[in-house]
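Participant: structure here, sequence nowhere to be found:
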């Protein structure tokens, strides 16, 4: 099982990253292989609306050969996806919105006689903001993703108003952990395995994952972002 975390924040030790890492660690405990990518690590050109042409050219893997295409290929390979973003004016960050618009090429494969390439992927959403907009941001993400054919598991959203201290928001942290657990369990169910799709309120697990994430963030501060994320996921030289 492959679960991809997509970070929509420029702050790789901020609240969005903290909760995303927590969700991914929970997924790993259920047996998933995880990876994390940040939309701020390369250029993601905005969609130009190929789908609106009389003869559509909007199809995977998109017409642009940029970092966005690299992430789209990662999305296509994953069985589970977790999006985590700060709230920018009641909505996801601009670069994450660029990526979501570009994901049209995955969904629009239906125009070519194939299923949507998002169909059957299990997804969750995390939003962190100091003010209003966290729920609307999560709502936008899951509404868009399920409209592309993705599956939302029970308890598929998490949000916090604690900004860079989101890791200390016990409710949000437990919700993020459950996103990781339930996405992985839902993938198992879709494969015919038995798994209970119930919310887990486990204080011991919460503290264990919080310690692991704080340790990763501490390591991040001792190295450069680039070195850390190359170890954690991928090298940008690969695209």
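Facilitator: Yes, it's here. This structure is a prediction, so every number in the text was calculated from the model and none was measured.

Participant: what segments of the chain are strands?
Facilitator: Secondary structure of the chain by DSSP state E: the strands cover 2-7, 33-38, 80-86, 122-128, 157-160.

Participant: the fourth one to strand 2-7, inter-axis angle?
Facilitator: Read that as strand 122-128. Interaxial angle of strand 122-128 relative to strand 2-7 (axes from the mean of the first three to the mean of the last three CA atoms, to 10 degrees): 20 degrees.

Participant: strand 122-128 - contacts with which helices or strands?
Facilitator: In terms of contacts (3 or more CB pairs under 8 Å, 6 or more residues apart in numbering; DSSP states H and E), strand 122-128 is packed against helix 15-29, strand 80-86, helix 134-147, strand 157-160, helix 170-190. Every residue, glycine included, has its C-beta placed from N, CA and C.

Participant: before we move on, what about the third one?
Facilitator: Helices and strands in packing contact with strand 80-86 are listed as strand 2-7, helix 15-29, strand 122-128, helix 134-147, helix 170-190; criterion 3+ CB pairs under 8 Å, 6+ apart.

Participant: before we move on, the earlier item: residue 213 is nearest to which of the helices and strands packed on strand 122-128?
Facilitator: For the helices and strands packed on strand 122-128, proximity to residue 213 was assessed by CB to CB; helix 15-29 is nearest, at 4.8 Å.

Participant: quick check: which of the strands of the chain is buried the most?
Facilitator: strand 122-128 (a mean of 30; mean count of other CB atoms under 10 Å).
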